[in-house]
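J.: Predicted coordinates and the sequence they were generated for:
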Amino acid sequence: MSTQLLLKSSRRRLLRGILLIPLLVAALLGYAQNQPAQKGASALNAKLVNIEAATNEPFRYAVTLHNGANMQQLFELKAELPTGWQISSRVDGSQVTSINLAAGETREIAIEISATSNAQPKKYIVPFKASSTEQTLSLQLEAVVKGSYGAVLSTPSGRLSEELTAGSHKDIELEVRNTGTLPLSSLSISSQLPSGWEATFSPSQIEKLDGGKKMLVKATLKVPDKTIAGDYNTTFSLTGSNANTQAAFRIFIKTSMLSGWIGILIIALAIAAVYLLIHKYGRR
């Protein structure tokens, strides 16, 4: 009998223990929910931390900020930049300096950093931080300056004006200069001219132009016969994958000698005709 009683007592204790498990689990969950935010639960990450660009191109980073705490947090966004550099942080297209995240919320931040034009080619470390009253999250961004792009379209003398006769053509020497340190490629030259005018270029395409180098291009400009004398504005453009510049020319058109003599002859004939008419009918 004593053995049976012991077995029954053990079964009752086991059953009571099993029934208490859900209560213990609920109690533990309630305790965890009432605990303060734990530092280190949030995260600040970037898809790419190392970006390479020229000085006149922005460094763009896609950053993710996660609030792992169980309460809302306001994060202030800051960065330590080299002197003269600029940064902007955008969330959903709007520029921000801070971001408010609910508990467990994650938001993407688009960061754009611009270097100065005289930044030396090398790797720069940019510490980026998201700070709240509870914690500070840090991220080391790397901006690798590879050089600079730059182009100028002009003439060897710098003169941007020419004189042509109506109905004639003229060769204009253009100078394409790479003012940056990086090579320019796939360059093309085009023009914006008055109606009826024509321009051809030799060469019209430049495959590659190294940093600090220049190249001469011959532009042949043709003007129609009946172009009225006066000043005209024309534009030559240089475009490429990393270049976009223009040169505005002032073109003065004068009438040809033949046109002038024809005009004088027409005037003389008109005067002679009037004289003959007066002489003939003036006697009557």
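T.: Here it is on my side, so go on.
J.: quick one: terminal-to-terminal distance for stretch 229-247?
T.: One end of stretch 229-247 to the other measures 22 Å (CA to CA, to the nearest Å).
J.: I meant stretch 102-119, not that one.
T.: By CA to CA, one end of stretch 102-119 lies 39 Å from the other end.
J.: Please parse this structure into its domains.
T.: Under the assignment automatic domain parsing, the domains of the chain span 43-145, 151-256.
J.: will you turn those into JSON lines that also has mean pLDDT and mean neighbour count?
T.: To be clear about C-beta, it is placed using only N, CA and C from the backbone, and glycine gets the same treatment. Listed next are these as JSON lines, based on pLDDT from 0 to 100; neighbours: other CB atoms under 10 Å:
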{"stretch": "domain 43-145", "mean pLDDT": "96", "mean neighbour count": "16"}
{"stretch": "domain 151-256", "mean pLDDT": "93", "mean neighbour count": "15"}
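J.: Turn the ones you listed into TSV, including distance to residue 267.
T.: Converted to TSV, the domains of the chain look like this (distance: least, CB to CB, whole Å):
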stretch	distance to residue 267
domain 43-145	59
domain 151-256	14
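J.: So which residues of the stretch 101-250 of the chain form strands?
T.: Using DSSP state E, counting those that start in this stretch, the strands of the stretch 101-250 of the chain run over residues 106-114, 123-131, 136-145, 151-154, 161-165, 169-178, 184-192, 198-202, 205-209, 214-222, 230-240, 243-254.
J.: Serialize these to CSV and add fields for distance to residue 57.
T.: CSV is the format used below for these (distance: least, CB to CB, whole Å):
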stretch, distance to residue 57
strand 106-114, 9
strand 123-131, 14
strand 136-145, 10
strand 151-154, 14
strand 161-165, 34
strand 169-178, 16
strand 184-192, 14
strand 198-202, 28
strand 205-209, 18
strand 214-222, 23
strand 230-240, 14
strand 243-254, 13
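J.: Indicate which one of the ones you listed is closest to residue 76.
T.: Shortest distance between residue 76 and the strands of the stretch 101-250 of the chain, using CB to CB, is found for strand 123-131: 5.0 Å.
J.: The closest one pairs with which strands?
T.: strand 73-79 (antiparallel), strand 136-145 (antiparallel) (DSSP bridges).
J.: looking at those, which is closest to residue 212?
T.: strand 136-145 (17.3 Å).
J.: and the angle from the closest one to strand 106-114?
T.: 40 degrees (axes from the mean of the first three to the mean of the last three CA atoms, to 10 degrees).
J.: Might one say that residue 254 is in contact with residue 231?
T.: No: with contact defined as CB atoms under 8 Å, residue 254 and residue 231 do not form a contacting pair (10.7 Å).
J.: do you know which of the strands paired with strand 123-131 lies nearest residue 235?
T.: Nearest of the strands paired with strand 123-131 (CB to CB): strand 136-145, 32.4 Å.
J.: could you dump the closest one to PDB, C-alpha only?
T.: Output of strand 136-145 as PDB, limited to C-alpha atoms (Å, rounded to 0.1, in the frame of the first residue of the first chain):
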ATOM      1  CA  THR A 136      25.600  55.200 -30.100                       C
ATOM      2  CA  LEU A 137      26.000  53.100 -33.200                       C
ATOM      3  CA  SER A 138      29.100  53.600 -35.400                       C
ATOM      4  CA  LEU A 139      30.100  52.800 -38.900                       C
ATOM      5  CA  GLN A 140      33.400  53.300 -40.700                       C
ATOM      6  CA  LEU A 141      32.800  54.500 -44.300                       C
ATOM      7  CA  GLU A 142      35.700  54.500 -46.800                       C
ATOM      8  CA  ALA A 143      35.800  57.000 -49.600                       C
ATOM      9  CA  VAL A 144      38.600  56.300 -52.100                       C
ATOM     10  CA  VAL A 145      39.400  59.300 -54.200                       C
END
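J.: Run through who's touching that strand.
T.: By CB atoms under 8 Å, 6 or more residues apart in numbering, the residues outside strand 136-145 that reach it are 42-46, 49-55, 59, 61, 63, 65, 75, 79, 111, 113, 115, 119-131.
J.: Pick out the residue closest to the middle of the protein.
T.: Nearest to the mean C-alpha position of the chain, by CA atoms, centre = their mean, lies residue 57 at 6.4 Å.
J.: how close does it sit to residue 145?
T.: In this view, residue 57 and residue 145 are 10 Å apart by CB to CB, to the nearest Å.
J.: ditto for residue 66
T.: Residue 66 is 30 Å from residue 145, by CB to CB.
J.: Over to residue 248?
T.: Residue 248 is 32 Å from residue 145, where distance means CB to CB.
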